[in-house]
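Undergrad: Sequence and predicted structure below; questions after.
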Number of protein chains: 2
Amino acid sequence: MANTQRTARYRELAAALRADVLSGVYGEGGRLPSEEALAASHGVSRGTVRQALALLRAEGVVTSRRGTRRVVLEQPRVQSFAELSSFTRWARSLGEEPGGSVLELRWREADPVEAERLRLPAGERVLWVLRLRTLGGEPVMVERTVYPEPVGALVEAMPPDAVSVTELLEAQGVVLADADHTVDLTLADADDARLLGCAPEAPLLREHRRTSDPTGVPVEWSEDRYRAGTVAFTVHNSLAATALARTLPSSARGVSRQE
Amino acid sequence: MANTQRTARYRELAAALRADVLSGVYGEGGRLPSEEALAASHGVSRGTVRQALALLRAEGVVTSRRGTRRVVLEQPRVQSFAELSSFTRWARSLGEEPGGSVLELRWREADPVEAERLRLPAGERVLWVLRLRTLGGEPVMVERTVYPEPVGALVEAMPPDAVSVTELLEAQGVVLADADHTVDLTLADADDARLLGCAPEAPLLREHRRTSDPTGVPVEWSEDRYRAGTVAFTVHNSLAATALARTLPSSARGVSRQE
DNA sequence: CAGTGGTCTAGACCACCAA
DNA sequence: TGGTGGTCTAGACCACTGG
């Protein structure tokens, strides 16, 4: 009695509930029906309902507390890290027209940082790509990415004006499963300034991203620099869900080595 | 046969597994035992094992794929948004000595943005607080926070040099359950420059944060400005877990069609 | 005190991966 | 083809919230 063929039941349920919530059926600050009631009305077990609700909770759509029905949170949901893995998808979901072109591309040896991030032996060959990304024709981001050998070969073969590298990669069977993002601030160098049309030394929002495939093997290591004012990164977190992480003993955490 | 008294079984299990992974028992890129095996060896049901593993997965500690055992991802996991809700906790977990002091504090009417964020009627009275945050004595962040009436009263009564407002609030029974964070970039104004000891117009990393209690009622709305180079925000996401969000029908989202 | 979400179990079938 | 994770069920007890 398992359904995995198409979309999982709990995902369908989540979608249905999400739609209800966003359309204001329950009102902001309103309460959802009980799990029992949802299970009955949708003809599934309570376990499935809970799986669906866990999704909505992670998205920040509803709260959850023992003893009380779930409460509807705000709805804004502008743009969160969920979409971040692909510039193109992110742009489209905002209703903007994404563009992009490869400005430079070459094979070279990985520097120590790149090798470590891609989990490659030092000096391994990697494909380095410099891209300019635009929204509605306006330059907004400079992207410097390195790909390990196998993936690099696929990227190299793509047309230089390919809008979505991610989608092309997926079409070739490369699955992107996990990503780590780090956001900080940096200053525009001469190239950035020229490409983005800003002053040299102008502050830029920087994102480092490492993406892995389902096996955990790194597929991409990228540094993206956004012009000020063009993006804001959003995250939602439920403290309950992450409380544990804070209670842990430091265990095997050396010094505070960070990047 | 449910255990909720102390820590849930699955959280203990998660902690144990996390410790194992971090101590390198399985090796980076190594494989975890099967769910069945873990269930047997820890004397719990498979369901409980899966709950534990879901935590580790969300933290980016392990992958998961149908058909194969889970794979250990990298271990860095230094500082992520999980800790972000409290500057103090974040600092401590880095091994740094957090400090802070209230520089200004007054009741005033909420401006339109604040009212909207705190979900209050326009012009409602709120407590506005300006704090300087330090790490090891060095100023790193300027925090401007507004609190709605009830919480504000508690904050007002705190000693001006209280290190952790969050902890004091929790001690008073105010539970912080959910938070939305937005990160972007801004420039230092005269006050920022003076307080942080940087040049006016110097670029700063800015975080907007709205925190709610378990009921979904906003408790705090804050704008924090970090000196460049003092922080980096980190997030991990599993695409599998968020794939649905991208596949959704536009349902009831006004303009800008979603995909 | 009744209702509700949190935790846990035992068992089932399926889809997918690797051998 | 066998092992593994993904999904689903049915039922149970508990902790907490609220009237």
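TA: Structure's in. What do you need?
Undergrad: where does A:R50 fall, helix, sheet strand or coil?
TA: Here A:R50 takes the helix state, with states given by DSSP: H, G, I helix; E, B strand; the rest coil.
Undergrad: Now for the closest residue to it other than its chain neighbours, how many residues are close by?
TA: In this structure, A:R50 finds its nearest non-sequential neighbour in A:E35, 6.3 Å apart by CB to CB, 6 or more residues apart in numbering or on different chains. Just so you know, the C-beta spots here come from the backbone N, C-alpha and C atoms, and that holds for glycine as well. By the other CB atoms under 10 Å in any protein chain shown criterion, the neighbourhood of A:E35 contains 19 residues.
Undergrad: just the one 5 residues further on next, same as before
TA: When neighbours are counted by other CB under 10 Å, A:A40 registers 13.
Undergrad: hmm, the host helix or strand of it in reach of DNA strand C?
TA: Of the helices and strands defined by DSSP states H and E, A:A40 is found in helix A:35-42. Yes - contact between helix A:35-42 and DNA strand C is present through A:E35, A:E36, A:A37 (criterion: CB under 7 Å from any atom of the strand).
Undergrad: Pull up the distance across stretch A:18-29, start to finish.
TA: Here the two ends of stretch A:18-29 are set 14 Å apart, with distance taken as CA to CA, to the nearest Å.
Undergrad: just stretch A:175-192 next, same as before
TA: Counting by CA to CA, the length from the leading to the trailing residue of stretch A:175-192 is 30 Å.
Undergrad: again with stretch A:212-220
TA: For stretch A:212-220, the first and last residues are 7 Å from each other (CA to CA).
Undergrad: and A:S101, that one's in a helix?
TA: No - A:S101: not assigned to a helix; according to three-state DSSP it is strand.
Undergrad: Give the burial count for it, as a bare number.
TA: A:S101, neighbours per other CB under 10 Å, totals 14.
Undergrad: Contact residues of the stretch 101-250 of chain A facing DNA strand C?
TA: When proximity is defined as CB under 7 Å from any atom of the strand, the stretch 101-250 of chain A approaches DNA strand C at A:T215.
Undergrad: Do a quick rundown of the strands in chain A.
TA: For chain A, the strands identified by DSSP state E occupy A:98-109, A:125-135, A:138-148, A:178-187, A:203-212, A:218-227, A:233-238, in order along the chain.
Undergrad: Which one of the ones you listed lies nearest to A:V49?
TA: Among the strands of chain A, strand A:233-238 comes nearest to A:V49, with 18.1 Å by CB to CB.
Undergrad: Distance check, A:E138 against A:A16.
TA: Using CB to CB, to the nearest Å, A:E138 is found at 38 Å from A:A16.
Undergrad: Kindly report the same for A:T166.
TA: As for A:T166, its distance to A:A16 is 28 Å (criterion: CB to CB).
Undergrad: what about the residue located most distally from the centre of chain A, distance to chain B?
TA: In chain A, the residue that sits farthest from the middle, by CA atoms, centre = their mean, is A:A40; the gap is 34.6 Å. Between A:A40 and chain B the distance, using CB to the nearest CB, to the nearest Å, works out to 22 Å.
Undergrad: OK, contacts around the nearest residue to A:E36 once chain neighbours are set aside?
TA: In this structure, A:E36 finds its nearest non-sequential neighbour in A:R46, 6.4 Å apart by CB to CB, 6+ apart. By CB atoms under 8 Å, 6 or more residues apart in numbering or on different chains, the contact set of A:R46 is A:E35, A:E36, A:A39.
Undergrad: now do A:P139
TA: Taking CB under 8 Å, 6+ apart as the definition, contacts of A:P139 comprise A:L132, A:R133, A:L195, A:L196, A:G197, A:R227.
Undergrad: closest to DNA strand D among these?
TA: A:R133 (32.3 Å; CB to the nearest atom of the strand).
Undergrad: Mean pLDDT for the strands of chain A - can I get that in TSV?
TA: Compiled in TSV, those are given as follows (pLDDT from 0 to 100):
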stretch	mean pLDDT
strand A:98-109	95
strand A:125-135	96
strand A:138-148	96
strand A:178-187	89
strand A:203-212	93
strand A:218-227	95
strand A:233-238	82
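Undergrad: so which of the ones you listed gets nearest DNA strand D?
TA: Nearest of the strands of chain A to DNA strand D, taken as CB to the nearest atom of the strand: strand A:178-187 at 12.2 Å.
Undergrad: the domain parsing of chain A - what is it?
TA: As given by automatic domain parsing, the domain ranges for chain A are A:1-75, A:81-227.
Undergrad: ranking the ones you listed by mean pLDDT, which is last?
TA: Looking over those, mean pLDDT reaches its minimum on domain A:1-75, with a mean of 87.
Undergrad: Now the residue in the stretch 51-200 of chain A positioned nearest to chain B, what are its backbone angles?
TA: Taking CB to the nearest CB, chain B has its nearest neighbour within the stretch 51-200 of chain A at A:G95, 3.5 Å off. The phi/psi pair for A:G95 (degrees, to the nearest 10) reads phi 80, psi 10.
Undergrad: What separation do you get for it and A:L135?
TA: A:G95 is 10 Å from A:L135, where distance means CB to CB.
Undergrad: how many other residues sit next to A:W90?
TA: Each residue near A:W90 was counted by other CB under 10 Å, and the total is 20.
Undergrad: Likewise for A:L105?
TA: Close neighbours of A:L105, defined as other CB under 10 Å, add up to 16.
Undergrad: I'd say it and A:E156 touch.
TA: Yes - the pair A:L105 and A:E156 passes the contact test of CB atoms under 8 Å, sitting 6.7 Å apart.
Undergrad: which neighbours do these two share?
TA: Here A:L105 and A:E156 have A:L127 as joint contacts, going by CB under 8 Å, 6+ apart.
Undergrad: ok, A:A193 - how many residues close by?
TA: Using other CB under 10 Å as the criterion, A:A193 is surrounded by 17 other residues.
Undergrad: And for the one 3 residues further on?
TA: Taking other CB under 10 Å as the criterion, the count of residues near A:L196 is 23.
Undergrad: That one reaches A:E143, doesn't it?
TA: No - between A:L196 and A:E143 there is no contact, the gap being 11.4 Å when judged by CB under 8 Å.
Undergrad: Show me the common contact partners of these two, please.
TA: With contacts taken as CB under 8 Å, 6+ apart, the residues that reach both A:L196 and A:E143 are A:R225.
Undergrad: Excluding chain neighbours, give the residue nearest to the residue of the stretch 101-250 of chain A at minimum distance from chain B in space.
TA: Checking the stretch 101-250 of chain A residue by residue against chain B with CB to the nearest CB singles out A:P203 as nearest, at 3.2 Å. The spatially closest residue to A:P203, leaving aside those adjacent along the chain, is B:P203, at 3.2 Å (CB to CB, 6+ apart).
Undergrad: again, but for A:V231
TA: If you skip the residues right next to it in sequence, A:V231 has A:L205 as its closest partner in space, 6.4 Å away by CB to CB, 6+ apart.
Undergrad: for the residues of helix A:35-42 next to DNA strand C, which one is nearest DNA strand C?
TA: For the residues of helix A:35-42 next to DNA strand C, the minimum distance to DNA strand C (CB to the nearest atom of the strand) is 3.8 Å, reached by A:E35.
Undergrad: Correct me if wrong: that closest one contacts A:V49.
TA: Yes - under the criterion of CB under 8 Å, A:E35 lies in contact with A:V49, with a separation of 4.9 Å.
Undergrad: So the residue farthest from the centre of chain A versus A:E12, what's the distance?
TA: For A:A40, the distance to A:E12 (CB to CB) stands at 16 Å.
Undergrad: do the same with A:L118
TA: Where A:E12 is concerned, A:L118 sits at a distance of 37 Å (CB to CB).
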